[in-house]
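[1] A structural model of the following input is requested.
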Amino acid sequence: MANATGLVTIDEPLSPAAEAYRTLRMNLQFAALDKRLRSILITSPGAGEGKTTVLANLGVTMAQVEQRVLLVDCDLRKPQLHTFFGLTNERGLTTMVLEEEAFAHPPVQETAIPNLRVLPSGALPPRPADLLGSQRMEKVLARLEEEADILLFDAPPLMAAADAVVLATKVDGVLLVVSAGQTKREQTQRALERLAKVNAHVVGAVLNNAPLEDIVQGYYR
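    I've put the predicted structure just below:
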């Protein structure tokens, strides 16, 4: 069982950042009052905006309230999710697509956090968008729903590839991560337009790297 490292919800559970992730978890629960969110895609307009960090920490907070959480790395171009938990990336999502044995017994990996498991990307395919949009992928997603109460999917940035748009049509909701001082308003608008064209259900957005207000800093200090 691997240890989680570099996760603020584990390393600094009383910090303002960790509290923000718990608030995000609560907000998503309220967003699911009308329709339960079993699968959420987390992406961003561009690279380096913190989508994988948000996904990993959100997954931890969900697991801490005794939900069975499965984090799935669908970034088949630059997978990073396994590194947050010190896991290997030899077998994973693409293995399930290609092998019947892996489909029947998904190669998910345990983490040090109870109720939290990870399915890495596995070997990287030559055409990720084609694989993610295939009928076989739909069967894989249905199979994974049997493994957890909630699935969190990591995907490449919306403006970098079609992968996230393809996946957005197959999940219950999409959470968009933007970075303060980095993400341009125009990029965010174009990303939302791409999601709207496929009728994706955008459940909200996360403003990452925002400076804490003085009053919040004083309270936690």
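
[2] from now on I want contacts and neighbour counts done on CA atoms only, so please keep to that.
    Will do.

[3] and for the residue nearest to residue 13 when sequence neighbours are not counted, the neighbour number?
    Counting by CA to CA, 6 or more residues apart in numbering, the nearest residue to residue 13 once its immediate chain neighbours are dropped is residue 19, at 7.5 Å. Around residue 19 there are 16 other residues, counting by other CA atoms under 10 Å.

[4] now swap in residue 28 and tell me
    Around residue 28 sit 18 other residues, with neighbours defined as other CA under 10 Å.

[5] buried sites along the helix or strand hosting it?
    Using DSSP states H and E, residue 28 maps to helix 16-31. Within helix 16-31, the residues that qualify as buried are 16, 17, 18, 19, 21, 22, 24, 25, 28, counting by 16 or more other CA atoms under 10 Å.

[6] for residue 8, see how far away the residue lying closest to the fifth one once chain neighbours are set aside is.
    Closest residue in space to residue 21, ignoring its immediate chain neighbours: residue 58 at 5.8 Å, by CA to CA, 6+ apart. In this structure, residue 58 and residue 8 are separated by 10 Å, where distance is defined by CA to CA, to the nearest Å.

[7] next: residue 159.
    Look at residue 159 and residue 8: by CA to CA, they are 28 Å apart.

[8] and what of residue 70?
    Between residue 70 and residue 8 the distance, using CA to CA, works out to 19 Å.

[9] out of these two, which sits in the more crowded spot?
    Between residue 70 and residue 8, counted using other CA under 10 Å, the more crowded position is residue 70 (26 against 19).

[10] okay, angle between whichever strand or helix holds residue 178 and helix 16-31 too, please.
    Using DSSP H and E, residue 178 sits in strand 173-179. The directions of strand 173-179 and helix 16-31 differ by 150 degrees, with axes from the mean of the first three to the mean of the last three CA atoms, to 10 degrees as the criterion.

[11] dump strand 173-179 to PDB, restricted to CA.
    Output in PDB follows, covering the C-alpha atoms of strand 173-179 (Å, rounded to 0.1, in the frame of the first residue of the first chain):
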ATOM      1  CA  GLY A 173     -20.700  16.300 -14.300                       C
ATOM      2  CA  VAL A 174     -17.600  18.400 -15.200                       C
ATOM      3  CA  LEU A 175     -15.600  20.500 -12.800                       C
ATOM      4  CA  LEU A 176     -13.400  23.200 -14.400                       C
ATOM      5  CA  VAL A 177     -10.200  24.300 -12.700                       C
ATOM      6  CA  VAL A 178      -8.800  27.700 -13.400                       C
ATOM      7  CA  SER A 179      -5.700  29.300 -11.900                       C
END
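
[12] which other helices and strands does that strand contact?
    Packing contacts for strand 173-179, counted by 3 or more CA pairs under 8 Å, 6 or more residues apart in numbering; DSSP states H and E, involve strand 39-43, strand 202-208.

[13] buried ones in the last one?
    Put plainly, it is strand 202-208. Per 16+ other CA under 10 Å, strand 202-208 contains these buried residues: 202, 203, 206, 208.

[14] what's in contact with it?
    Applying CA atoms under 8 Å, 6 or more residues apart in numbering, the external contacts of strand 202-208 come out as 28, 31, 49-50, 173-180, 195.
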